[in-house]
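> quick one: sequence plus predicted model below, questions after.
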Amino acid sequence: MILGIDTSLGTAVAVIDADGAVRAEAASADPLGHAEIIGSLLQSVLTDAAHGPIGATGAPEPVALTHVAAGMGPGPFTGLRVGIAAARAFALGRGIPVVPVRSHDAAALAVLLADPFADVPRFAVVTDARRREFAFTVYEGIDDDGLPVRITEESLVARDDIDAALAEHGAERRDTTAIPGAMVALVAARAADAGRTEDLGEPLYLRAPDVTMPGPRKKVGQ
Amino acid sequence: MLGIETSCDETGIGIVRGRTLLSNTIASSMDEHARYGGVVPEVAARAHLEALQPTIEAALAEAQVTLADIDAVAVTSGPGLAGALMVGVGAAKALAVSLDKPLYAVNHLVGHIAADILTGEEVEYPTVALLVSGGHTSLLLVRDLVSDVQLLGETMDDAAGEAFDKIARVLGLPYPGGPEIDRAAATGDPNAIRFPRGMSRASDMAEHRYDFSFSGLKTAVARFVEQHEATGETLSVPDVAASFREAVVDVLVTKALDACARHGVPRLLLGGGVIANKRLRDVALERAEAAGVAVRIPPLSLCTDNGAMIAALASELIMSGHPASTLAFGADSTLPVTTIQVATSS
Ligand SMILES: [Zn+2]
């Protein structure tokens, strides 16, 4: 079983079986409050997952997790870090590895799996990056390992310029307001199966730290 | 008990067994802040995220225990930098749920007081506590560590450590300012220039008897330096450094001993990173002795921000029968000192 955690937008947590069946999901759409809610969400998915796949009514059994999938953004840093810190600490507690996942990959997989018979044209996952910017990543189709095919890296663009940027890539716009925890876990499961996990040490910050270098000393005057 | 502290620029992980210190491991992002001349919250938060896992592993190794030996997790909920605190809170909650162990969310400032327990000596209450760092300058009256801590006063503007950093910049000295000012002051005359003592006028004493302010002092030093630059008069950096340091130390010690006297408490505990300043320790010891006040100064590694003090406080809470925190709490950058533990279940 794999635990997926993502706090790049709201807070999303899920447990899936190795074959992708969702055992438990819990999420909050609140774009703030990640630190407040992450513990209760984790506890609730672990309790729920012990009863088997969603809909099953079996007696509780221990939840034997093999990986923790961590959504690495992009997203507002302060909240994003809460989920990554939680994923790392949880994995450390269980002695299992963390699989970093690009949060947009999880959103893209959700788009691609929404209707398995649909022919999804090239599209872009578009998320709020605050400061009047969007983060976007362009995808087209799904590969043999079941992972979305990324056409561009994650990028930032001014909100007013998003449609022009997507037109340049010939991509349909898919605004995304929630990253499903189960999809984060599924991307990790498929990447791990295919030996294609990514070594993302840092969150996908996309912006340098917000600091002003000290200038020349300001005079206090008389 | 494993304690996690991320309120400012140190990622601190401590492990204690009851009142016994097993490890006190700290990863500091101080070097990364040096080029900005002060702690940058976003830089600190990024560094915490990178440092947490390796620091926990190092602390376990140093304590010669594994996570299976951990009975409970403790974490700083506040006060401190919100984004930095959140990294620790997220990690602590996940670790507690992962290990299925209780979680204690506690107050950073009260943690500084709890650090003294780990020295192995009997701690007596009530005590006045003066906690001075780059993030806080607070004067507390502690009647009972786990149930009765009162804020007597705190800084109205900069923390004392910040004042050292800013004056170091004025004098063209590098960051962090504390040790640099100390070095420069070594050959200076502390009485060369009479810089103002903030919040010490008779008119301040009614409402702000135990509060601190360092902005007026900062301005006075900057103005003094500018005047010398303007007139081309030679400026003795050692004298300015020593006189500035004396003004800070004087007001800290005077107010702390005044609190001891007015509350009839013959004990003063010092804590926080600025306690590394030898002049502050010397003046405090000397004047306290004259006033009949016993001073306690934990080892420096327990004075600077650390996870061991957080674990120690949580241990005391357990030993006095306090239940664990619920999982429903966040980072509280302005957590009042009267809230010793947050999200208490009863
Ligand atoms: Zn502190």
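Received the coordinates, thanks. Because the structure is predicted, anything quoted here is derived from the model rather than measured.

> dihedrals phi and psi, residue 203?
Since you didn't name a chain, this refers to chain A. Main-chain torsions, residue A:203, degrees, to the nearest 10: phi -60, psi 160.

> that's the wrong chain, I wanted chain B
Taking degrees, to the nearest 10 as the convention, residue B:203 sits at phi -70, psi -20.

> sketch out the low-pLDDT regions of the chain for me.
Answering for chain A, as no chain was given. Low-confidence segments of chain A (pLDDT under 70): A:212-222.

> meant chain B, my bad for not saying
Short version for chain B, where the test is pLDDT under 70: B:346.

> what distance do you get for residue A:165 to residue A:205?
When distance is defined by CB to CB, to the nearest Å, residue A:165 is 20 Å away from residue A:205. Every C-beta, even on glycine, is put in place using the N, C-alpha and C of the backbone.

> contacting residues around the residue in chain A positioned nearest to the ion?
The minimum distance from chain A to the ion, using CB to the ion, falls at residue A:35 (19.4 Å). Residues near residue A:35 by CB atoms under 8 Å, 6 or more residues apart in numbering or on different chains: A:82, B:85, B:86, B:89, B:90, B:93, B:330, B:331.

> part of a helix, is it?
Yes. Applying DSSP: H, G, I helix; E, B strand; the rest coil, one finds residue A:35 inside a helix.

> got the residues of the stretch 151-300 of chain B near chain A?
B:169, B:170, B:219, B:222, B:223, B:226 (CB under 8 Å from any CB of the partner chain).

> secondary structure element for the fifth one, which one?
The reference is to residue B:223. helix B:215-231 (DSSP states H and E).

> residue B:104 against residue B:75, yeah?
Yes. Shown here, residue B:104 and residue B:75 form a contact pair, counting by CB atoms under 8 Å, at 7.4 Å.

> any figure for the gap between residue B:192 and residue B:244?
10 Å.

> more crowded one of those two?
residue B:244 (30 against 15; other CB atoms under 10 Å in any protein chain shown).

> now do the SS call for the more buried one.
helix.

> do residue A:141 as well
strand.

> show me where chain A has its strands.
Counting by DSSP state E, chain A has strands at residues A:2-6, A:11-16, A:22-28, A:67-71, A:98-101, A:123-128, A:133-142, A:148-150, A:155-158, A:172-175.

> now render those strands as a markdown table, adding distance to residue B:275 and mean neighbour count.
A markdown table is the format used below for the strands of chain A (distance: least, CB to CB, whole Å; neighbours: other CB atoms under 10 Å in any protein chain shown):
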| stretch | distance to residue B:275 | mean neighbour count |
| --- | --- | --- |
| strand A:2-6 | 39 | 32 |
| strand A:11-16 | 39 | 29 |
| strand A:22-28 | 41 | 21 |
| strand A:67-71 | 38 | 29 |
| strand A:98-101 | 38 | 25 |
| strand A:123-128 | 44 | 24 |
| strand A:133-142 | 44 | 22 |
| strand A:148-150 | 52 | 19 |
| strand A:155-158 | 44 | 15 |
| strand A:172-175 | 53 | 15 |
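
> as CSV, the ones you listed with distance to chain B would be great.
Output for these, formatted as CSV (distance: least, CB to the nearest CB, whole Å):
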stretch, distance to chain B
strand A:2-6, 8
strand A:11-16, 10
strand A:22-28, 12
strand A:67-71, 9
strand A:98-101, 9
strand A:123-128, 18
strand A:133-142, 17
strand A:148-150, 24
strand A:155-158, 16
strand A:172-175, 26
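
> now the helices for chain A?
A:34-49, A:77-94, A:103-114, A:162-169, A:181-193 (DSSP state H).

> for residue A:67, find the nearest of those helices.
helix A:181-193 (5.9 Å; CB to CB).

> any idea of the angle that closest one forms with strand A:11-16?
50 degrees (axes from the mean of the first three to the mean of the last three CA atoms, to 10 degrees).

> now do the buried residues in helix A:181-193.
Residues of helix A:181-193 classed as buried by neighbour count (16 or more other CB atoms under 10 Å in any protein chain shown): A:181, A:182, A:183, A:184, A:185, A:186, A:187, A:188, A:189, A:190, A:191, A:192.

> tell me who's in contact with the last one.
Taking CB under 8 Å, 6+ apart as the contact definition, residue A:192 lies against A:67, A:99.
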